[in-house]
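J.: next comes the sequence, and after it the predicted model I'd like to discuss.
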Amino acid sequence: MSAASYIQSLWYRRSFNLLTLLLMPLSWLFGAVVALRRFAFRVRLLRAESVSRPVIVVGNLTVGGTGKTPFTLWLAAQLRAKGYVPGIVLRGYGGASTSWPRDVSADSDPLEVGDEAVLLATESGGIVVAGPDRVAAARRAIERGADVVVCDDGLQHYRLARDCELVVVDAVRGLGNGRLLPAGPLRESAARLAKVDAVVLRAPDPALAIPVTTRIIAGVESMASFAVLPTGVRSLRSGEERPLAAFAGQSVHAVAGIGFPEGFFATLRAQGLGVIPHPLPDHATIMPKTFEFGDSLPVLMTGKDAVKCRGIDDPRLWVVAARAELEAVQASKLLAVVENRIAARLAAELH
């Protein structure tokens, strides 16, 4: 286990830990910087910049995976079904491009624009723009025809003015020990949740998520929940598709270079697979030697990892497809919140 993974594991333990306690002075300093920065934007010492179309920010408070990417794909698909042309913008973390913002397609090089950007373009089939400057990326998405901007992981990017904020929280892990970085997983205080438009909870069973999280998060009026469910597997070499159940009862290697690899492994185990786990750092570079396990067992991976394996000719490699699913009533209520914010922005522009 890497040092970063070890520290993250400590963040989500409920028991006392000396290391996180020793890190508390740094957390206080981090919190002061975060608070000062937010104050600077509030009093306009630092200025947020608006773009010409409504902006919906999908973010999180914690470091590590919460299911934000599948939820972003779900939201973009729902907006498209309602007649909008959503454009997804994101930082392009891990991309080595020297020129930003970058238009992203399914054929883009993840080494240039980042693995999450390519995954979003592949799965959404729509407008995706990557760039560290979210304002420039949003304007580029609008130039390409977007009439609403969905900003993936931009909650703390205050320079981009927004009309709606949705925060994704893992209902199982919650907010960890509730401390700010580096003594805990929080990028901002938990009190920030009371100021967003909705909290969206990821849980294995959406029906159980709300009761669980009422014990974790207080003061949030609008909540919905979703599950990320596997829909099948696809061979990276041949394109053959199978149900995930086809691997039930078998031993498989599972590779995951995501924020919370154990979540992927747990999903496979729940389907009856014998998982040999291989966690990688988030956004890890993947090469043929990554899969040198000394046997011919199938290797299953996430979609985010699969976009980095196009040039690897190995019949053992399979990608697990998954999608976010929301209960119908909760989905309707959440979309009503989003559409109300879009309508308010458009109405304000008419006046």
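T.: The structure has been received and is ready for your questions. Given the structure is predicted, the values throughout are model-derived calculations rather than measurements.

J.: what's the spacing between the residue positioned nearest the centre of the chain and Ala347?
T.: The residue lying closest to the centre of the chain (Cα atoms, centre = their mean) is Lys68, at 2.8 Å. Using Cβ to Cβ, to the nearest Å, Lys68 is found at 29 Å from Ala347. Heads up, the C-betas are built off the backbone N, CA and C, glycines and all.

J.: got it, and Leu155?
T.: Counting by Cβ to Cβ, the gap from Leu155 to Ala347 is 25 Å.

J.: comparing the two, which residue is more hemmed in?
T.: Set Leu155 next to Ala347 and count neighbours by other Cβ atoms under 10 Å: Leu155 wins out with 21 against 9.

J.: backbone phi and psi for that one, please?
T.: Backbone torsions of Leu155, given as degrees, to the nearest 10, read phi -60, psi -40.

J.: pull out the buried residues from stretch 243-254.
T.: For stretch 243-254, burial by neighbour count (16 or more other Cβ atoms under 10 Å) applies to 244, 247, 252-254.

J.: now the end-to-end length of it.
T.: Length of stretch 243-254, first residue to last, Cα to Cα, to the nearest Å: 16 Å.

J.: thinking again about what came up before, closest to Gln78 among the buried residues of stretch 243-254?
T.: Nearest to Gln78 among the buried residues of stretch 243-254: Leu244, at 24.6 Å, using Cβ to Cβ.

J.: the closest one: what's it in contact with?
T.: If a contact means Cβ atoms under 8 Å, 6 or more residues apart in numbering, then Leu244 has 230, 232-233, 268, 271, 273, 320 as its contacts.

J.: what of Ala321?
T.: 230-234, 303.

J.: quick check on the residues you listed: which are buried?
T.: Members of the contacts of Ala321 classed as buried by 16+ other Cβ under 10 Å are 230, 233-234, 303.

J.: among the residues you listed, name the ones in helices.
T.: Counted as lying in helices by DSSP state H, out of these, are Gly303.

J.: between the buried ones among the contacts of Ala321, which sits nearest Trp100?
T.: Using Cβ to Cβ, those come closest to Trp100 at Gly303, 23.6 Å.

J.: tell me how far the host helix or strand of Arg140 is from the chain's mean position?
T.: Under the criterion of DSSP states H and E, Arg140 resides in helix 134-143. Relative to its chain's centre, helix 134-143 lies at 20 Å (Cα atoms, centre = their mean, to the nearest Å).

J.: how about it: buried residues?
T.: Neighbour counts over helix 134-143 (16+ other Cβ under 10 Å) mark 134-142 as buried.

J.: ok, those residues vs Glu112, which is closest?
T.: Among the buried residues of helix 134-143, Ala137 lies closest to Glu112 (Cβ to Cβ), at 14.7 Å.

J.: thought that closest one was touching Gly131?
T.: Yes. If you go by Cβ atoms under 8 Å, Ala137 and Gly131 touch, sitting 4.0 Å apart.

J.: just to revisit the earlier point, identify the farthest-apart pair in the buried residues of stretch 243-254.
T.: Leu244 and His253 (14.9 Å).

J.: just checking, next helix/strand downstream of the one helix or strand Leu120 maps to?
T.: Per DSSP H and E, Leu120 falls inside helix 115-124. Using DSSP H and E, the next helix or strand after helix 115-124 towards the C-terminus is strand 127-130.
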